[in-house]
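J.: Sequence first, then the predicted structure, then my questions.
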Amino acid sequence: MSSDDEREEKELDLTSPEVVTKYKSAAEIVNKALQRVISECKPKAKTVDVCEIGDSYIREQTGNMYKNVKKKIERGVAFPTSISVNNTVCHFSPLASDETVLEEGDIVKIDMGCHIDGFIAIVAHTHALQAGPITGRAADVIAAANTAAEVALRLVKPGKKNKDVTEAIQKVAAAYDCKIVEGVLSHQMKQFVIDANKVILSVSNPETRVDEAEFEENEVYAIDIVASTGEGKPKLLDEKQTTIYKRAVDKSYHLKMKASRFIFSEISQKFPLMPFTARALEEKRARLGLLECVNHELLQPYPVLHEKPGDFVAHIKFTVLLMPNGSDRITSHPLQELQPTKQVDDPEIKAWLALGTKTKKKGGGKKKKGKKGDKAEESTEAEPMDATNGAETQG
């Protein structure tokens with residue numbers, strides 16, 4: 001096993017330019033796929049059609065890469081396109097038969113991922129189906145998620161701990177009179193692993209504990225921020241809405257039903273490691289077979305969760321590479337114009353946002369220790385979203 005471990009260590013390290021290139025190529029594709037999905041989000045568009053456009057674009061673009069290499073390189077969708085509207089929190093990626101459509105004024109949360117050779121770039125974005133600036137509580141919740149994401153970007157860096165981020169994002173949400181949604185985890189990612197060991201909790205409470213972890217250079221994280229104008233304690237209303245699953249590679253069980261064995265064999269071939277949508281399976285058999293697989297923990301479901309009707313929910317997720325020269329956020333999309341009702345005056349939040357994301361290491365140690373990052377490029381500073389400043393965009 002040890003030689004495998006060594007090989008894995010070598011492969012996963014961002015010190016390999018090839019690995020960085022694969023992350024950035026996956027990010028470029030998913031950013032464009034997100035742009036494409038946003039352009040398709042129109043009143044009366046069927047949600048399932050828009051999800052399918054996102055997934056097809058990723059499959060098509062990744063399919064054009066690494067075609068002529070000797071060793072086959074796995075590539076494609078790393079997380080199925082989900083479109084969760086208004087008080088629906090996450091993971092809504094309906095089956096082909098679903099008739100749900102988008103409506104004018106909907107607050108739409110788009111979540112999707114792409115990988116090349118198992119190196120994953122993932123993104124989530126919140127978009128309102130309306131012309132003109134977003135105002136009122138909808139603007140507050142989007143600003144809360146975005147400002148929390150900007151703060152997280154500055155705190156997920158070597159030497160900081162996961163709990164520092166958990167505390168900070170809750171403080172940011174409170175400044176907009178919003179809540180960070182419980183149960184959302186930000187994960188370290190590794191090759192073919194979308195949810196590696198190091199985890200950042202969105203909300204710390206007695207029921208959900210994670211090991212304290214320190215961020216290190218050359219790690220990759222998916223930072224996942226979901227904010228709500230409601231209580232931030234979402235509920236599963238209907239298990240039938242769940243369509244996204246991931247194979248639990250460490251579990252085994254001898255399935256009793258033929259339909260289950262058929263479906264599990266199809267999953268093992270097509271989606272051995274990444275989350276997938278039941279839409280991509282032989283649909284008639286899928287529902288029955290999936291149930292037995294989930295009951296025996298062979299599949300991990302991604303449930304569709306809801307806040308109360310009337311609550312607004314916003315979702316921002318990005319992938320960040322902790323490079324030796326600082327943090328590189330590789331997935332994002334600019335926000336619409338926001339006019340929140342709240343001002344952020346908290347000096348601690350303003351100080352976090354003023355931190356740089358790049359560290360300049362030139363000048364051979366003349367700098368005082370405490371100043372690392374102070375002289376970062378000015379463009380990496382962010383401002384709290386009080387009125388019209390949109391998100392900073394990269395890549």
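T.: In hand now; what should we look at?

J.: Would you enumerate the residues in contact with the nearest residue to residue 201 once chain neighbours are set aside?
T.: Closest residue to residue 201 apart from its sequence neighbours, by CB to CB, 6 or more residues apart in numbering: residue 166 at 4.9 Å. For the C-beta atoms, the positions are set from N, CA and C on the backbone; glycine is no exception. Contact partners of residue 166, counting by CB atoms under 8 Å, 6 or more residues apart in numbering, are 200-204.

J.: will you turn those into JSON lines that also has distance to residue 344 and pLDDT?
T.: JSON lines is the format used below for those (distance: CB to CB, whole Å; pLDDT from 0 to 100):
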{"residue": "200", "distance to residue 344": "21", "pLDDT": "95"}
{"residue": "201", "distance to residue 344": "23", "pLDDT": "94"}
{"residue": "202", "distance to residue 344": "19", "pLDDT": "93"}
{"residue": "203", "distance to residue 344": "20", "pLDDT": "91"}
{"residue": "204", "distance to residue 344": "22", "pLDDT": "84"}
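
J.: Please list only the buried members of the residues you listed.
T.: Neighbour counting with 16 or more other CB atoms under 10 Å marks 200-203 as buried within the contacts of residue 166.

J.: where exactly do the helices run in this protein?
T.: Here the chain has its helices, by DSSP state H, at 2-12, 17-40, 47-63, 136-155, 162-175, 258-270, 283-295, 347-354.

J.: which of the ones you listed sits most buried?
T.: Comparing these by mean neighbour count (mean count of other CB atoms under 10 Å), helix 136-155 ranks first with a mean of 26.

J.: about what we covered before: and which of the buried ones among the contacts of residue 166 is nearest residue 93?
T.: residue 202 (21.1 Å; CB to CB).

J.: separation between the closest one and residue 46?
T.: Using CB to CB, to the nearest Å, residue 202 is found at 31 Å from residue 46.

J.: Let me see the ranges of the strands in the stretch 151-300 of the chain.
T.: 179-180, 185-189, 199-201, 220-228, 235-236, 244-247, 276-277, 299-302 (DSSP state E, counting those that start in this stretch).

J.: Do you know the pLDDT at the residue nearest to residue 201?
T.: Note on residue 166: pLDDT of 96.

J.: and if you look at residue 5?
T.: 48.

J.: Tell me if I'm right that residue 274 and residue 79 touch.
T.: Yes - with contact defined as CB atoms under 8 Å, residue 274 reaches residue 79; the gap is 7.3 Å.

J.: the more surrounded of the two?
T.: Between residue 274 and residue 79, counted using other CB atoms under 10 Å, residue 79 has the larger neighbour count: 30 against 21.

J.: Run a quick neighbour tally on the spatially closest residue to the more buried one that is not a sequence neighbour.
T.: Leaving aside its chain neighbours, residue 79 sits nearest to residue 113 (3.3 Å; criterion: CB to CB, 6+ apart). As a burial measure, residue 113 scores 28 neighbours (other CB under 10 Å).
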